[in-house]
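> Fold the following for me, if possible:
(one chain, ligands or ions: 1)
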Amino acid sequence: MTMHDPAWNEEEQRLRRVALLIKTRVNEVGQLAEQRLETAIDTNRDFWADITVNMNNPDEIMETYTSINQQSMVMVNQERDLLHAEDTLKQLLRLHDTPYFGRIDFTESGYPDTESIYIGTSSFFDDATQQYWIYDWRAPISNLFYDYPPGPASYKTPTGQIDGTVELKRQYVIRQGEMKAMFDTGITIGDEILQTMLGQSADDRMKSIVATIQKEQNQIIRDDRHQVLIVQGAAGSGKTSVALQRVAYLMYKHRNTLNADNMVLFSPNDLFNSYISTVLPELGETNMQQTTYQQYLQFRLGSRYNVEDQYTQMEYRLTAGNDPSYFIRQSSIRFKSSHAFIRIMDGYAHHLEQANMIFKDLRFRGKVLISQQQLSDFFYHIDPSIKLSNRVQLMKDWLLKELKTLAKAERTEPWVKEAMELLDKDEYQKAFSTMEERNTDQEQLFYDAKQEAFLLSRYVVNQNFQPLRHKIKKLKFINIHALYKQLFQEHSRCLLESIEATALPEDWDAICLQTLTQLDNQQLAFEDATPLLYLNELIEGFQSYNTVRHVIIDEAQDYSAFQFTFMKRLFPRSKMTLLGDMNQAIYTSTDSSGPVEQNNQGTTGNQHGYNHVIELFGAGQTNIIRLIRSYRSTREIVEFTKAMLPNGEAIEPFNRNGEKPLVHRADDLNSLTASVIADLNALQAEGIQSIAILTKTAEESFLAYERLYPSIPVSLITKNDHSFEKGILIMPAYLAKGLEFDAVLLWDASHNQYDQESERKLFYTACTRAMHRLHIFYTGELTRFISSLDTHTYKHLKSY
Ligand SMILES: Nc1ncnc2c1ncn2[C@@H]1O[C@H](COP(=O)(O)OP(=O)(O)OP(=O)(O)O)[C@@H](O)[C@H]1O
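The predicted structure follows:
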């Protein structure tokens, strides 16, 4: 629609009116915020002046206490009011800039009038006109905008369904309060605006998609019925974007019961966390809690073990070559990630209820106070019907009591006397005050030397027993390390083989040997971390986060059956949204082409790769939605990348054209380096700012960096980086998961680098990071993942 259209004029007038109303409100709320700030400062300053402190008798103390309490409450309320005013102000300022992005005209069945609904990032109601000038995009009626073309339509409200007709659907581009463009749209939300948005340059932060959410994406954002929502979506289909919009939607819909603290997002790494960190604040919402699975493992196991991360595991896999232990490790990873291994763990824990628990001697000053055998005897004398974790608690109580008796006996030991004599002035003072706290009868204290010696010996022993008490309270008398090791020892084989519906892999003996060697070196391989923690929880009781009501797992294809089982127990009261793409499952444990899940369980037809999740939560509780439209890359890049997938995936490119991917052969690494530099210069000269050079491994990234940085500014990104800026970045492909760049250059796509079937998904993931340009360099022979493609899907770049 052009400026000459009469509708343009009307819309501009309305926009000006809304802007004025918002401006007026901005002034009002601004003043209110200022007043509240002043009041809060005054209250803070006069805090003690408003309180009469009197401590003469219990009544006065109580009065003083109540007065302090009341004054503190006043301060808390004032601060809350101030924050509210400040938030409203920020929201209004955002609205002033872009008040709305969409409109629908809706006639409700049975009513003559048509109402124009303008949709923006938040609602705006004007008291004077008693009118909603803007509706929040998450309001029930706004659903019409995302779900229906002009014609019959309906939406659900808490009181029931409303039917009617959408007479008009319009989109706006408004920037800094100015109308830039306007389109009347049909079936989908206007291609024009989406084209413009997708044609823009990549940023170092993800953008909100609220104005152009597509119907199939809206379905995911608003699905609130299922316990588990699984989204299997093609690369670039908007899974992450949708996940964040969904968080904003759920926080709006359940604003009385759900807030940012009740929602947790698990993302692949810190780099990704920082990439998405601005989306929710842009929408006026607080960020949910963000973490990575690795961070959780580190939190639980980091003090005891050197816990391997998934990237180190990945690097090993990518660089192992023909290392014979590599195949054992592969098999080990697959098995330890599977359902079968969960059954093994459950069966093993059940067995421990009858026999083979391993404890640690409780030692003090080199002597055994309570031996493993005593611990074991006590444990197996507890009523066998009591479950493992409860028995452990009973044991703890018993041990704490025993320790008291042992401490008494210890007081007469010669070392205690020596320690008493060595107490320095400070310690003596401390001992005295500790005793004073316990002994209210002051006169009895230090009644005579004998009494003093008694009290001091008690103090000394108690102090020295403190670490033991702590150990018992933390259940450190159980030897989890040895218990996990025991699983892999020869004598356990029979037991494991007897566990129902479980077959050990053929190379189980080799897996055992490898695992035991690693554990003996205090190395905890990534694949062992979750099972060890699971065993720990089966024995000690599961630690769970009951206040978390919604867990969102991005890149869910990278989680194994074992990890999902663990997550379910970690968040027992939580709904889950899982977003993933099986074609990007680059870790062995989750590779759906892998045999373990299928062979061991006889599972077939697991085309979406989430059968284990459905089994875990139940089919009735689970909904799977597929997204097949890819928005990130140009049509040419999507056609090229989807042809790499073995099963001929149904992936549809969004209608945006660009250059075909370019493939360039260099004679050797020197000439490859020169070509990459020339290409980078050419891309930058075109104004392309966000460029990633993706390699297979971290070492290769480092080598590429060393070659490039003397000639052109480049930044090396490693797994330890937490954020990145726009520019030329070099990183291994697995770190670029979830990210996107204007241009992607693949450093070396030769047959030597990418040939194994297991590397196909990694290669696909790397190529699908490109929005506008994909340039592939190689030496020697080209990887078969490209050479097997139809040559029309890419172009050869002859020379630079
Ligand atoms: N409805 C939409 N409107 C505008 N842009 C969109 C829309 N949906 C997706 N996009 C854009 O497409 C790109 C890819 O989105 P996103 O990263 O969420 O996809 P993804 O499915 O998580 O990708 P991947 O699995 O490959 O990491 C982003 O730039 C996003 O802004």
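> I'd assumed residue 165 was in a strand, is it?
Yes - assessed with DSSP: H, G, I helix; E, B strand; the rest coil, residue 165 lies in a strand.
> wait, doesn't residue 185 sit right on residue 168?
No - with contacts counted by C-beta atoms under 8 Å, residue 185 stays clear of residue 168, the gap being 9.4 Å. All C-beta spots, glycine's among them, are computed from the backbone N, C-alpha and C.
> Between these two, which is the more surrounded one?
Counted by other C-beta atoms under 10 Å, residue 185 and residue 168 do not tie: residue 185 has more neighbours, with 18 against 14.
> tell me the phi and psi of that one?
phi -120, psi 160 (degrees, to the nearest 10).
> The stretch 151-300 of the chain against the ligand: which residues are in contact?
Taking C-beta under 6 Å from any ligand atom, the part of the stretch 151-300 of the chain that reaches the ligand is made up of 194, 197-198, 207, 209, 212-214, 217, 233, 235-241.
> Would you mind checking these for buried ones?
Among those, those scoring as buried are 194, 198, 209, 212-214, 217, 233, 235-241 (criterion: 16 or more other C-beta atoms under 10 Å).
> Select from these every entry located in strands.
residue 233 (DSSP state E).
> now, which of the buried ones among the residues of the stretch 151-300 of the chain next to the ligand sits nearest residue 38?
Distances from residue 38 to these, taken as C-beta to C-beta, are shortest for residue 209 (40.1 Å).
> Let me know the pLDDT of the closest one.
On pLDDT, residue 209 comes in at 87.
> what sits against the residue nearest to it when sequence neighbours are not counted?
Spatial nearest neighbour of residue 209, chain neighbours left out: residue 241 (4.6 Å); criterion: C-beta to C-beta, 6 or more residues apart in numbering. Taking C-beta atoms under 8 Å, 6 or more residues apart in numbering as the criterion, residue 241 is in contact with 206, 208-209, 217, 279.
> What's the local residue count around residue 632?
24.
> Next one: it from residue 759, what distance?
Counting by C-beta to C-beta, to the nearest Å, the separation of residue 632 from residue 759 is 22 Å.
> Repeat that for residue 130.
64 Å.
> Among those two, which residue is more densely surrounded?
For the pair residue 130 and residue 759, the greater number of neighbours falls to residue 759 (18 against 7), based on other C-beta under 10 Å.
> List the contacts of the more buried one.
Neighbouring residues of residue 759 by C-beta under 8 Å, 6+ apart: 318, 696, 753.
> when you check the contacts of residue 241 against the helices, which ones overlap?
217, 279 (DSSP state H).
> In a strand, residue 692, correct?
Yes - according to three-state DSSP, residue 692 belongs to a strand.
> burial count for the residue nearest to residue 796 when sequence neighbours are not counted?
Nearest residue to residue 796 in three dimensions, chain neighbours excluded: residue 663, at 5.6 Å (C-beta to C-beta, 6+ apart). Look at residue 663: counted by other C-beta under 10 Å, it has 22 neighbours.
> I'd guess residue 663 is in a helix, am I close?
No - read with three-state DSSP, residue 663 is strand and lies in no helix.
> just the strands in the stretch 101-250 of the chain please.
Listed in chain order, the strands of the stretch 101-250 of the chain (DSSP state E, counting those that start in this stretch) span 102-108, 114-120, 124-126, 131-136, 151-157, 160-175, 178-184, 228-233.
> what about stretch 82-100, average pLDDT?
On average, the pLDDT along stretch 82-100 is 87.
> residues of that stretch that come out buried?
82, 85-86, 88-89, 91-92, 94-96, 98-100.
> Could you work out the most separated pair of these?
So, these by C-beta to C-beta: farthest apart are 82 and 100, at 28.3 Å.
> hang on, the earlier thing: of the strands of the stretch 101-250 of the chain, flag the one that's most buried.
strand 228-233 (a mean of 24; mean count of other C-beta atoms under 10 Å).
> still on that earlier bit, turn the buried residues of stretch 82-100 into a markdown table, including distance to residue 786 and secondary structure.
Rendered in a markdown table, the data for the buried residues of stretch 82-100 read as follows (distance: C-beta to C-beta, whole Å; DSSP: H, G, I helix; E, B strand; the rest coil):
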| residue | distance to residue 786 | secondary structure |
| --- | --- | --- |
| 82 | 59 | helix |
| 85 | 58 | helix |
| 86 | 54 | helix |
| 88 | 54 | helix |
| 89 | 54 | helix |
| 91 | 49 | helix |
| 92 | 52 | helix |
| 94 | 45 | helix |
| 95 | 49 | helix |
| 96 | 50 | helix |
| 98 | 43 | coil |
| 99 | 48 | coil |
| 100 | 46 | coil |
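> Same list, those, but as JSON lines with distance to residue 531 please.
Converted to JSON lines, those look like this (distance: C-beta to C-beta, whole Å):
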{"residue": "82", "distance to residue 531": "49"}
{"residue": "85", "distance to residue 531": "51"}
{"residue": "86", "distance to residue 531": "48"}
{"residue": "88", "distance to residue 531": "49"}
{"residue": "89", "distance to residue 531": "51"}
{"residue": "91", "distance to residue 531": "47"}
{"residue": "92", "distance to residue 531": "52"}
{"residue": "94", "distance to residue 531": "47"}
{"residue": "95", "distance to residue 531": "51"}
{"residue": "96", "distance to residue 531": "54"}
{"residue": "98", "distance to residue 531": "50"}
{"residue": "99", "distance to residue 531": "54"}
{"residue": "100", "distance to residue 531": "52"}
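> Tell me the one of these nearest the ligand?
For the buried residues of stretch 82-100, the closest approach to the ligand (C-beta to the nearest ligand atom) belongs to residue 98, at 15.1 Å.
> Tell me the spacing between that closest one and residue 104.
The value you get for residue 98 to residue 104, if C-beta to C-beta is used, is 18 Å.
> Same check on residue 461?
78 Å.
> got the contact list for the residue nearest to residue 95 when sequence neighbours are not counted?
Distances taken as C-beta to C-beta, 6+ apart place residue 22 nearest to residue 95, at 5.5 Å, with adjacent residues excluded. Shown in contact with residue 22 (C-beta under 8 Å, 6+ apart): 92, 95-96, 99, 124.
> secondary structure class for residue 22?
Once three-state DSSP is applied, residue 22 turns out helix.
> Mean pLDDT lowest where, among the strands of the stretch 101-250 of the chain?
Lowest mean pLDDT of the strands of the stretch 101-250 of the chain: strand 178-184, a mean of 87.
> Quick one: distance of it to the chain centre.
37 Å (C-alpha atoms, centre = their mean, to the nearest Å).
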